[in-house]
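Undergrad: mind looking at a prediction? Sequence and model below.
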Amino acid sequence: MNESISEDDLITVCGQVGKILLTSGAETSRVEGTVEYIGRAAHYDITCHATITALFVGVNNQTKTHLVKVRLGDFNLEKVDEINTMSRRFVEGKIDFAELKKTINQIDKKVIDFTWPEKVFGAALVSVAPMLLFKATWADLGLAFFVGIFGYLAAALSSPRIKTPYVAAGLGGFTVGLLATLLQSMGIATSAGNIIVSALMPLVPGVAITNSFREIIDRNTISGVVRAVDALIIAGSIGAGVVIGAAVSSILFHLGGGL
């Protein structure tokens, strides 16, 4: 297979595969394993070292190393699954290198996302689920459904427009805290705390936290700690937003004479 696949071409494709996986939320051990499996299937001794911000791909006993700079992106597990599927098919000999390269380019350019109604409805369902653990009233259950929607929309719509990191998550928390506290102050909701905890679920960086533990368990300590710190900052931003939102809601309620 060496005659038909050049070393430079293989390294470039492997770098592209690793970049897609990293920016889509895959852990570094999966990135390194996938790249090295592709190299071995092409009969090259490929070595890959992945960190949270960079990817190094090279061939053993060669001085040439391909560096790919990576920036953390949104989690897109569907892209991770598609890359894994194509790499397995290549390793098993079901597709050739030309088809692998073509498909990887298509996946890289492909925009995989859900429609807005699907995302909003999903956020609403996630916001309702924790309320079942609190034995909440039906009224609070319904309110969490809508507060979760507004919190998610505040974060999702502001994220592309606000360049400062973590502010969008804080804005989502602010919206949830403001609405939940206001609803309780007006006597509509029974427990603002229950609504806040439930409605924040769509904003919580659960995948990032899970991946950080997986990285640390796999002894990829640097990447694991970086992911954990990033997740903690997001969680801190959400918490700060909730506190500010609740405080603003209380102030507005008292200034309004209790409505």
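TA: Great, that's in hand.

Undergrad: all strands of the stretch 151-259 of the chain, in order?
TA: For the stretch 151-259 of the chain, applying DSSP state E, counting those that start in this stretch gives no strands.

Undergrad: on the three-state scheme, T47 is what?
TA: Using DSSP: H, G, I helix; E, B strand; the rest coil, the structure places T47 in strand.

Undergrad: count the residues that sit near it.
TA: 17 (other Cβ atoms under 10 Å). For glycine as for every other residue, the C-beta is placed from the backbone atoms N, C-alpha and C.

Undergrad: try the one 10 residues further on
TA: Burial of V57 is recorded as 28 neighbouring residues (other Cβ under 10 Å).

Undergrad: just checking, it is part of a strand?
TA: Yes - the assignment for V57 (three-state DSSP) places it in a strand.

Undergrad: quick check, it in contact with E36.
TA: No - with contact defined as Cβ atoms under 8 Å, V57 does not reach E36; the gap is 9.3 Å.

Undergrad: now do the shared contacts for these two.
TA: 46-48 (Cβ atoms under 8 Å, 6 or more residues apart in numbering).

Undergrad: quick check: of the residues you listed, which lies closest to K69?
TA: Checking the shared contacts of V57 and E36 against K69 with Cβ to Cβ, the nearest one is C48 at 15.0 Å.

Undergrad: my read: the closest one touches V57, true?
TA: Yes - C48 lies in contact with V57 (Cβ under 8 Å); the separation is 5.2 Å.

Undergrad: overlap in contacts, these two.
TA: Counting by Cβ under 8 Å, 6+ apart, the residues touching both C48 and V57 are 14, 18, 35.

Undergrad: please flag which of these sit within helices.
TA: 14, 18, 35 (DSSP state H).

Undergrad: what about the last one, neighbour count?
TA: So that's V35. Counted with other Cβ under 10 Å, V35 comes out at 26.

Undergrad: quick one: it from Q106, how far?
TA: To Q106, V35 is 19 Å away according to Cβ to Cβ, to the nearest Å.

Undergrad: counting contacts, what elements does the helix or strand containing D9 pack onto?
TA: Using DSSP states H and E, D9 maps to helix 7-23. With contacts taken as 3 or more Cβ pairs under 8 Å, 6 or more residues apart in numbering; DSSP states H and E, helix 7-23 sits against helix 28-41, strand 46-50, strand 54-59, strand 65-69, helix 77-91, helix 97-109.
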